[in-house]
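J.: pasted the sequence and its predicted model underneath.
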Amino acid sequence: MKMIFRSLALAGLLLAFLPLQAQANKLLMPGEVIQGHAKEEEACEKCHKKFDKAAQNRLCTDCHKDVGKDVSEKRGYHGRIEEGKDCKECHTDHKGRDAKIVILDKNAFDHAKTDFALKGKHADTAKVKCEDCHKQGKKYSEAPGKCVECHKKDDDKAHKGKLGSDCAKCHSEKDWKTTSVDHDKFDFKLRGKHEDVKCDKCHLDNKFKETPKQCASCHKKDDEKAHKGKLGNKCETCHVDRDWKEVKFDHDKLTKYPLLGKHVEVKCAKCHVDNKFKDTPKQCSSCHKKEDDKAHKGKFGNKCESCHVEKDWKEIKFDHGKTKFPLLGKHADPKLKCTGCHKGDIYKDKLPTDCFSCHEKDDKHKGQEGKKCESCHGADSWTKTTFDHNKMSTFPLLGRHILVSCKKCHATPTFKDAKSDCWSCHEKEDAKVHKRRFGTECQDCHNTRDWMAWDFNHDKTDFKLGGAHKKVANKCYSCHAKPMDKKVLLTKSCSSCHDRDDVHNGSFGDRCERCHEGDNWKQVKMGVVGADKKPLASKK
C-alpha cells in the first residue's frame, strides 16, 4: 500500500509541474507563433531540439510531410531549391498569430523550379495571372498540372473528351489553337505526301480515335479506278507515301519471279494485262509466243530459258557442253551459227553427231577412211590432223621419215592406197645409182636414219665373202650385174659367176668349191686327183 501511495504522490507532482513547464516555455518565447502552429506553441520540443540547430529542418518536414516528400524526391519547388538552406530562412515564426511566414514575391519567383515551368502563353504575365491557376484557399503546390484541368471547356467544345486528357500530345504552350501533333508517337507515322495532308482529310468531324489506318480507307477511289479492288487492301505493298503513282513493289522478294535483265525495264501492264497480278503465267512463251512462232514455230516447247537469257532475247546462253556434242575448237567459234548444223530447226535426237554427216563434202578420202573423221582430224582445224602413224598404221615413221610431209608418200587423199615398200618411193634414187641390180628390197642395205648411210654386211647373208672374193667386196656390180626384182636371188654355185672360167666344160658339175679354193681359183685343193698337175688354162 505504501508503494501505491508513493506512485500517486509522484504522479501528482508531475501533473502539477507540467503547467509550470508550459508557462515557463511561454515566458521564454520571443513571440506568439502563427495561428497554424498555435496548438504546438507550448511544446517547443516539437520544433526545436536543444543544442542541435541542424535538427530544426528535420522537425519541420516531420510535420509538413508533403514538403518533406518533395525535398527527398527533389521535385516541386522545395525539392529544387539549393541544398543546405534552412526552412527558417523563408519561414520565420514567433511574429504573432496573424503573421505571414510564407513570403512570395510573384515577380521574382522562379516558376522553373516547380514541376510546371511556364512556357509560351503561360509565361505571358499580361494575360495569365497566378490566381488563374492558383485558386484562393489552396496551397500553391495544389495547382493543377494537367492541361485538361484548366482547358476542360476547350476540350469539351472541340473533342468532347474523346481524345483523352493528354492535351500536350497535340497542343503546345505557344498557342492553344496551334497544334504540333507528333504523329510518329502514334500508330500511323506521317511520311511523304501525308505530311502535307490536312488533319480533317482523314479525321472527319474531329474524330481521332479508331481512325482507319488502311490505305484503301482513304484511297478507295484510286484503287477502284486502277485495280477494281482485286489486289486487296494492302496498298503499301506496291505504293509509297512519296507519291501514290510511284510503285515500290519488290518483285524479287515478294514473288516467285524475280525481274532480271530486260524484264526490269518492262512496264507492269506488259505482263499484267488489265491489272491482273495474281496467277500471272511465268512461262516465257506466255509473253514471247510471237517470237517463238517466228523463230522456232513452237518446236522446242515452252522452256525458252534453256537457251535465251533475260539480258537480251537474241542472246543465246545454251550450254552445248551439257549435250552429247560439246562444242570445241572451231565449233565454238561465235561466228558459226547454230543453223550451220541445225538446218530446218532440227535440234533434238534427229540431228546426227558424227563428223561425216556435216563434213561429207570435205572428205577428200572418198569414204575410204570411213566416217570416223575424229580419228585423224581435230576440232581446232580440219586441215590439221592428229593421226598417229606409229600407233594407227602398219608403217611406223622412223628416222628421216618423221620429217617427210604426208604428200610425199600419200600423193592422193586415198591414204590406204599408199604403198609401204621403200622402192615405191625411192625408185628414182635406185634408178640413178643401182638400176635395180640389188633388187627392190632397199631396206636390206639402207635405213631410215639417212638414205646415204648403209650398213649391209655380206657375211650375214648365205654367201660369205672369203678368199679372193674379199678383193671384190667394194665392187658389188661385179657380181650384181643384172637388174633384179625384190630380193637378190643369186645361186650359191660358183658357176653363176665363173662359168667362163670352167675349163671342164661342166664335166665336174657346178660345185667348183669341191676342188678350187676361194683364195686362188687356179689353185686345186690337196688330195684331189690331178692336184699335182699344172693349172688349167681358163676359157677365152
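T.: Cool, the structure landed.

J.: now C497. Nearest residue, chain neighbours left out?
T.: C479 (5.8 Å; C-beta to C-beta, 6 or more residues apart in numbering). Just so you know, the C-beta spots here come from the backbone N, C-alpha and C atoms, and that holds for glycine as well.

J.: the one you found and R437: what is the separation?
T.: Distance of C479 to R437, computed by C-beta to C-beta, to the nearest Å: 9 Å.

J.: ok, now C60?
T.: Remark: distance between C60 and R437 (C-beta to C-beta) = 154 Å.

J.: and the residue lying closest to S141 once chain neighbours are set aside, how far from K106?
T.: Using C-beta to C-beta, 6+ apart and skipping residues adjacent in sequence, the residue nearest S141 is G76, 6.0 Å away. From G76 across to K106, the span is 18 Å (C-beta to C-beta).

J.: could you do A411 as well?
T.: Per C-beta to C-beta, A411 is found 132 Å from K106.

J.: cool, and K262?
T.: Counting by C-beta to C-beta, the gap from K262 to K106 is 78 Å.

J.: now for the closest residue to A379 other than its chain neighbours, how many residues are close by?
T.: Distance criterion C-beta to C-beta, 6+ apart; nearest residue to A379, sequence neighbours excluded, is G329 at 3.1 Å. G329: 12 surrounding residues under other C-beta atoms under 10 Å.

J.: my read: the residue nearest to S141 touches H111, true?
T.: No - applying C-beta atoms under 8 Å as the test, G76 and H111 come out as separate, 11.8 Å apart.

J.: more crowded one of these two?
T.: G76 (19 against 15).

J.: who's in contact with that one?
T.: For G76, the contacting residues are 70, 114-115, 141, by C-beta atoms under 8 Å, 6 or more residues apart in numbering.

J.: go again with 10 Å.
T.: Residues in contact with G76 (C-beta atoms under 10 Å, 6 or more residues apart in numbering) are 66-67, 69-70, 113-116, 140-141.

J.: for Q214, same thing?
T.: Counting by C-beta under 10 Å, 6+ apart, Q214 touches 220, 232-236.

J.: tabulate those residues (a markdown table), appending neighbour count, secondary structure and pLDDT.
T.: Listed next are the contacts of Q214 as a markdown table, based on neighbours: other C-beta atoms under 10 Å; DSSP: H, G, I helix; E, B strand; the rest coil; pLDDT from 0 to 100:
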| residue | neighbour count | secondary structure | pLDDT |
| --- | --- | --- | --- |
| K220 | 14 | helix | 88 |
| G232 | 12 | coil | 80 |
| N233 | 15 | coil | 83 |
| K234 | 11 | coil | 84 |
| C235 | 21 | helix | 86 |
| E236 | 11 | helix | 83 |
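
J.: rewinding a little: please tell me how far the residue nearest to S141 sits from H122.
T.: Separation of G76 from H122 (C-beta to C-beta): 17 Å.

J.: could you do H365 as well?
T.: With the distance defined as C-beta to C-beta, H365 ends up 111 Å from H122.

J.: separation between the closest residue to K46 other than its chain neighbours and G31?
T.: Distances taken as C-beta to C-beta, 6+ apart place E40 nearest to K46, at 5.1 Å, with adjacent residues excluded. Using C-beta to C-beta, one gets 15 Å for the distance from E40 to G31.

J.: quick one: which of the two has more around it?
T.: Each of E40 and G31 has its neighbours counted (other C-beta under 10 Å); E40 has more, 13 against 10.

J.: need the contact list for the more buried one.
T.: By C-beta under 10 Å, 6+ apart, the contact set of E40 is 33, 46-47, 63.

J.: list just the nearest of those to D499.
T.: Using C-beta to C-beta, C63 is the member of those that sits closest to D499, with 172.6 Å.

J.: related to what we said a few turns ago, need the buried ones from the contacts of G76 selected in PyMOL.
T.: The PyMOL selection below is limited to those of these classed as buried (16 or more other C-beta atoms under 10 Å):
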select buried, resi 67+70+114
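
J.: let's have the contacts of G76 in a markdown table, adding pLDDT and distance to D98.
T.: Listed next are the contacts of G76 as a markdown table, based on pLDDT from 0 to 100; distance: C-beta to C-beta, whole Å:
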| residue | pLDDT | distance to D98 |
| --- | --- | --- |
| D66 | 90 | 24 |
| V67 | 90 | 22 |
| K69 | 91 | 29 |
| D70 | 90 | 27 |
| K113 | 88 | 28 |
| T114 | 90 | 27 |
| D115 | 88 | 31 |
| F116 | 90 | 30 |
| Y140 | 86 | 20 |
| S141 | 86 | 23 |
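
J.: out of the contacts of G76, list just those in helices.
T.: Secondary structure from DSSP state H places 66-67, 69-70 of those in helices.

J.: for stretch 89-100, which positions count as buried?
T.: Quick answer for stretch 89-100 (16+ other C-beta under 10 Å): D93.

J.: centre of the chain to that stretch, how far?
T.: 84 Å (C-alpha atoms, centre = their mean, to the nearest Å).

J.: so for it, first residue to last residue, what's the gap.
T.: Stretch 89-100 has an end-to-end distance of 14 Å (criterion: C-alpha to C-alpha, to the nearest Å).

J.: now stretch 262-279
T.: Termini of stretch 262-279 sit 22 Å apart (C-alpha to C-alpha).

J.: pLDDT score for K408?
T.: On the pLDDT scale, K408 is placed at 84.

J.: once you drop chain neighbours, what's closest to it?
T.: Nearest residue to K408 in three dimensions, chain neighbours excluded: C425, at 7.3 Å (C-beta to C-beta, 6+ apart).

J.: same check, this time on D450
T.: R400 (6.3 Å).

J.: check whether that neighbour really touches C422, as I assumed.
T.: No - using C-beta atoms under 10 Å, R400 is not in contact with C422; the gap is 11.8 Å.

J.: how many residues are close by L397?
T.: Using other C-beta under 10 Å, L397 has 15 other residues around it.
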